[in-house]
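> kindly return the folded structure for what I paste below:
(one chain, ligands or ions: 1)
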Amino acid sequence: MNAEALIGRALGTCTLQRLIGQGGMGAVYQAQQSRPRRQVAVKVLMPMSPLNPNQLAAFLERFRRETDAAASLDHPNITPVHEYGEQDGIAYLVMPYISGGTLRDELERFGPLPLDKATHYLEQLAAALDHAHDHGVIHRDIKPANILQTPEGRLLLTDFGLVKIVGEGYAPQVRLTGEGVPVGTPDYMAPEQVIGSDVDQRADLYSLGVILFQMLTGTTPFQGETPMQIAAQQLQVPPPSPQALRPDLPLAAAQVLLKALAKKPVDRYTTAVDFAISFRNALQSSGVQLGVSPLLNGVTSNTGRIFIPKGMLEPARHSARIQTVPGPTAPPPQAEPAAPAARGQFRPGVLPSKKLGQVSPVGGGLLARAPGIADASAVAPADPLSPLPIEAARPAGGLLSRTGKFPLVNGTPKDEMAQQIPEQLSTMTQAPQQDFNTQFAASLLPSTPLAPQPESAGMVKRNTGTLIAPSGQQNTGALRTNTGSLMSINKQQGTGALTLTNGNNETVKLTGPVKVVKVPVAGQPGRYVTGILPVIPADDKISERSGVSLGVKIISISVATVLILLVGAGMFWFMHNRSSQVPQNNTGSGSSVTSTQKTSGAPTDPNILIQDPLDHNAHGWAETPADMYAFKDGAYHITNHTDASGISLLETSPFNGPITYAVSMRQIAGDANSEVNTFGLIFRFSQSVQNKKQVTHFYTFEVLNKKGGYYRFWKYDDSSGDKNKFWQQIGKNVNLGNEFKVGQDANATNTLTATMDGNKFTFWVNGKKVMDATDNSYATGMVGMIVNLKNSEVAFRNLLVTRGVNNPTH
Ligand SMILES: Nc1ncnc2c1ncn2[C@@H]1O[C@H](COP(=O)(O)OP(=O)(O)OP(=O)(O)O)[C@@H](O)[C@H]1O
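Sure, this is the predicted structure:
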């Protein structure tokens with residue numbers, strides 16, 4: 001239908017005056033209504049393709065049914081439907097004319113929004129969605145273009161249920177790829193929508209999550225050249241770290257967002273308001289100041305009534321409202337002036353104090369103000385080889401999130417992290433309910449590389465420089481593996497199950513159902529290649545139709561498995577050969593940086609997971625506050641101005657499997673008289689939300705930089721809520737030997753190395769083994785550096801994480 005041709009036409013009480021715009025499902029006109037006399041907007045629905053009389057009748061029936069439900073919604077954040085009708089086979093809706101544009105316009109114009117604005121928008125949209133969901137209406141097509149704005153800035157969700165009216169009867173692949181069909185964007189589609197499954201309100205929550213992601217970062221989580229490529233990522237690729245794109249976003253808030261973007265509906269929030277409240281709480285518990293939530297106050301509805309979102313007065317919601325989600329944080333030191341947190345909230349970035357009634361950290365802090373507590377520097381441990389009382393050598397907590405520079409943590413409890421990807425894959429590999437679903441999912445697998453595949457822990461690697469895109473191979477029908485290598489998909493497997501039809505959209509099309517598998521790479525524990533295998537459809541009709549027997553299919557699977565294993569083994573051989581040509585380790589003194597170390601981008605040795613000379617910010621290290629984190633003089637400096645521990649974490653995927661982690665460091669300023677003059681490595685750092693509470697885990701290996709100092713291995717776990725138990729020393733103190741260069745002069749550069757394999761840890765200093773330890777508390781996590789003493793400064797250089805346990809030579 002030509003939209004322009006309708007201008008001047010009367011539909012019901014309205015005369016169409018001007019075409020405002022045309023979208024995937026129809027055209028919108030500014031119109032003059034005669035009764036009551038007012039300017040309105042009229043949306044004329046247009047089916048996706050010409051309809052025969054039966055189809056038209058079904059379309060109009062859907063229109064009546066869905067519009068009836070949508071028009072019954074009365075909410076201040078939902079565009080009301082004044083009236084709707086059909087005339088000469090044309091279905092139309094009459095709405096108020098809203099002149100403030102759309103959220104899409106605002107995001108295009110201004111990019112990412114301030115945190116408080118994004119939160120307010122989220123809350124308005126969540127309130128609208130909860131209202132609709134309570135009335136049994138699912139939107140199904142939430143996107144910024146469907147969010148209108150009043151001139152005063154109120155958001156109005158529009159187009160409820162329209163996608164169902166217009167799109168029903170079409171398989172999702174038709175909506176995504178059908179020729180001549182207006183293509184709806186898959187950017188906001190939940191995975192279950194992508195494959196055409198039944199959806200419930202949690203699909204809307206996913207789309208709301210995408211919108212929040214976009215409001216915070218200025219971009220949607222997934223990009224691609226074709227709708228199918230984006231859809232494929234919705235299905236199988238974990239979203240990137242919001243914090244990598246929005247560094248001031250606290251980790252707790254990022255985790256809330258990632259939960260909304262969970263691939264499986266069951267892993268998302270149950271209601272939109274739960275999502276919004278969790279997001280607000282996460283921000284506030286991290287110290288972000290926000291205005292009053294519209295969710296917590298009545299807001300005036302279109303009808304002038306006070307609208308109270310569902311459940312807000314119920315005891316559970318009420319408590320949720322006043323009870324913040326504890327972050328990685330503890331109550332602020334009471335006397336710390338820079339701790340403005342309100343009652344019941346937590347200041348960002350401070351690990352709970354663990355010293356109660358014992359020795360205070362030097363420099364004061366919470367405990368230093370307690371009467372009768374001596375300064376740590378005045379207390380010498382009775383037996384330097386036995387573990388000190390924890391309180392004696394630890395500062396009053398640790399600084400974690402002051403900068404908002406947290407590592408990527410996927411909002412998933414630690415224990416679930418490792419399973420996340422296999423579960424996603426198994427979701428995809430479940431026997432299909434319908435043939436077309438499977439085939440569609442299979443056809444979504446793009447030949448052009450998707451976003452970087454995660455390591456097996458289910459994290460997306462970002463900014464790590466470890467993912468190398470081999471150039472010139474992008475359109476060859478190959479899937480990129482998590483190692484940065486390309487695994488070619490066999491064009492003719494001989495089984496007939498996998499056939500590459502590299503069409504215009506560069507998509508791998510498969511003529512049979514497939515499943516995505518991860519196959520371990522021979523000889524490289526923890527490494528996998530991604531591949532696709534044909535599956536035996538649950539529905540035997542496929543076999544019958546294709547005439548392929550079960551036995552043949554089983555053989556096909558075996559053949560394909562062997563092929564994938566061979567490819568994996570070949571990759572290993574190839575990489576192994578290459579790896580022998582480059583140095584295994586780099587734990588130089590830090591006083592000089594070799595030319596190979598300089599290349600902080602893509603390492604050439606596949607065993608090198610991260611190589612960073614730390615002479616500039618190549619990996620998204622924290623740089624704020626500037627007086628705490630700085631790249632200067634060819635090194636990364638952490639200066640601790642607080643009574644807590646200063647920490648910086650490498651914003652990348654957690655490492656699991658055996659690794660060797662080394663950093664060189666030199667103390668620039670410190671206090672050799674203090675028992676807290678400690679600094680060192682932090683590793684297997686992870687955060688998760690357990691029982692609505694954020695939990696932080698990590699290990700540290702630290703050195704006390706003074707004559708007669710020692711090394712210590714610590715474990716941090718705040719899950720108990722008992723501050724006295726957060727820090728636990730593992731093993732005994734180990735006295736410094738000749739290997740350690742005590743002091744702060746130019747020569748006092750030391751390289752600390754930790755090798756870890758499962759529960760076994762070995763620590764090395766300047767190439768000499770100083771400690772062995774065993775602990776099985778944490779299996780995976782981030783690496784970083786820790787500086788404990790207030791007013792101390794340590795310069796770090798030459799960070800290297802390699803796969804496997806590699807004894808350092810220096
Ligand atoms: N009630 C309204 N008042 C003023 N402008 C409106 C109103 N409803 C929609 N519009 C505008 O009309 C234009 C077309 O809207 P329409 O919903 O048809 O397309 P879309 O949202 O861009 O795409 P899609 O149909 O795929 O959702 C958009 O620019 C939209 O902002």
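
> tell me the bridge partners for residue 92.
Residues in a beta bridge with residue 92, per DSSP bridges, are residue 44, residue 85.

> gap between it and residue 235?
The gap separating residue 92 from residue 235 is 35 Å, by C-beta to C-beta, to the nearest Å. Heads up, the C-betas are built off the backbone N, CA and C, glycines and all.

> same check, this time on residue 136
Note on residue 136: its distance to residue 235, by C-beta to C-beta, is 27 Å.

> the more surrounded of these two?
More neighbours surround residue 235 than the other of residue 136 and residue 235, with 24 against 9 (other C-beta atoms under 10 Å).

> so is that one in a helix, a strand, or just coil?
Under DSSP: H, G, I helix; E, B strand; the rest coil, the three-state class of residue 235 is helix.

> contacts for stretch 71-82?
With contact meaning C-beta atoms under 8 Å, 6 or more residues apart in numbering, stretch 71-82 is reached by 33, 40, 67, 70, 83-84, 93-96, 98, 124-125, 127-128, 131-132, 135, 137, 148, 154-158, 160, 299-303, 307.

> separation between the nearest residue to residue 716 once chain neighbours are set aside and residue 754?
Using C-beta to C-beta, 6 or more residues apart in numbering and skipping residues adjacent in sequence, the residue nearest residue 716 is residue 698, 5.1 Å away. Distance of residue 698 to residue 754, given as C-beta to C-beta: 12 Å.

> how about residue 807?
Separation of residue 807 from residue 754 (C-beta to C-beta) stands at 12 Å.

> neighbour count: those two, which is higher?
Applying other C-beta under 10 Å to residue 807 and residue 754 shows that residue 754 carries more neighbours, namely 27 against 13.

> buried members of the contacts of stretch 71-82 into PyMOL, please.
Only the buried entries of the contacts of stretch 71-82 go into this PyMOL selection, using 16 or more other C-beta atoms under 10 Å:
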select buried, resi 33+40+67+70+83+84+93+94+95+96+98+124+125+127+128+131+132+137+148+154+155+156+157+158+160+299+301+307
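
> mind checking which of the contacts of stretch 71-82 land in strands?
Judged by DSSP state E, the contacts of stretch 71-82 include 33, 40, 83-84, 93-96, 148, 155-157, 299-300, 307 as members of strands.

> looking at those, which is nearest the ligand?
Closest approach to the ligand among these (C-beta to the nearest ligand atom): residue 95, at 4.1 Å.

> for the closest one, which non-adjacent residue is spatially closest?
Spatial nearest neighbour of residue 95, chain neighbours left out: residue 41 (4.9 Å); criterion: C-beta to C-beta, 6+ apart.

> list the contacts of that neighbour.
Listed by C-beta under 8 Å, 6+ apart, the contact set of residue 41 reads 20, 28, 29, 30, 31, 94, 95, 96, 97, 98.

> and the third one, what element?
Using DSSP states H and E, residue 29 sits in strand 26-33.

> what of the first one?
In this assignment (DSSP H and E), residue 20 forms part of strand 14-22.

> between that strand and strand 26-33, how big is the angle?
150 degrees (axes from the mean of the first three to the mean of the last three C-alpha atoms, to 10 degrees).

> pLDDT of strand 14-22, averaged?
What strand 14-22 shows for mean pLDDT is 94.

> what lies in contact with it?
Contacts to strand 14-22, defined as C-beta under 8 Å, 6+ apart, come from residues 3-4, 6-10, 27-34, 40-42, 44, 92, 94.

> circling back: what sits in contact with each of residue 807 and residue 754?
residue 764.

> which outside residues touch stretch 84-97?
Residues outside stretch 84-97 that contact it (C-beta under 8 Å, 6+ apart): 6, 11-14, 30-31, 33, 39-45, 56, 59-60, 63, 67, 71, 79-83, 158, 165.

> how many residues are close by residue 26?
Residue 26 is flanked by 25 other residues according to other C-beta under 10 Å.

> OK, contacts around it?
Counting by C-beta under 8 Å, 6+ apart, residue 26 makes contact with 43, 44, 45, 46, 162, 166.

> residues touching residue 108, list them.
By C-beta under 8 Å, 6+ apart, the contact set of residue 108 is empty.

> how near is it to residue 219?
For residue 108, the distance to residue 219 equals 11 Å [C-beta to C-beta].

> what touches both of residue 698 and residue 754?
Listed as contacting both residue 698 and residue 754 by C-beta under 8 Å, 6+ apart are residue 683.

> ok and the residue in the chain nearest the ligand?
Residue of the chain nearest the ligand, by C-beta to the nearest ligand atom: residue 23 (2.0 Å).

> report how many residues lie close to that residue.
That count, for residue 23 with other C-beta under 10 Å as the rule, works out to 16.

> next: the one 4 residues further on.
Other residues lying near residue 27 total 22 when counted by other C-beta under 10 Å.

> tell me the pLDDT of the closest residue to it other than its chain neighbours.
Excluding the flanking residues, the one nearest residue 27 by C-beta to C-beta, 6+ apart is residue 3, at 3.8 Å. If you check residue 3, the pLDDT there is 86.
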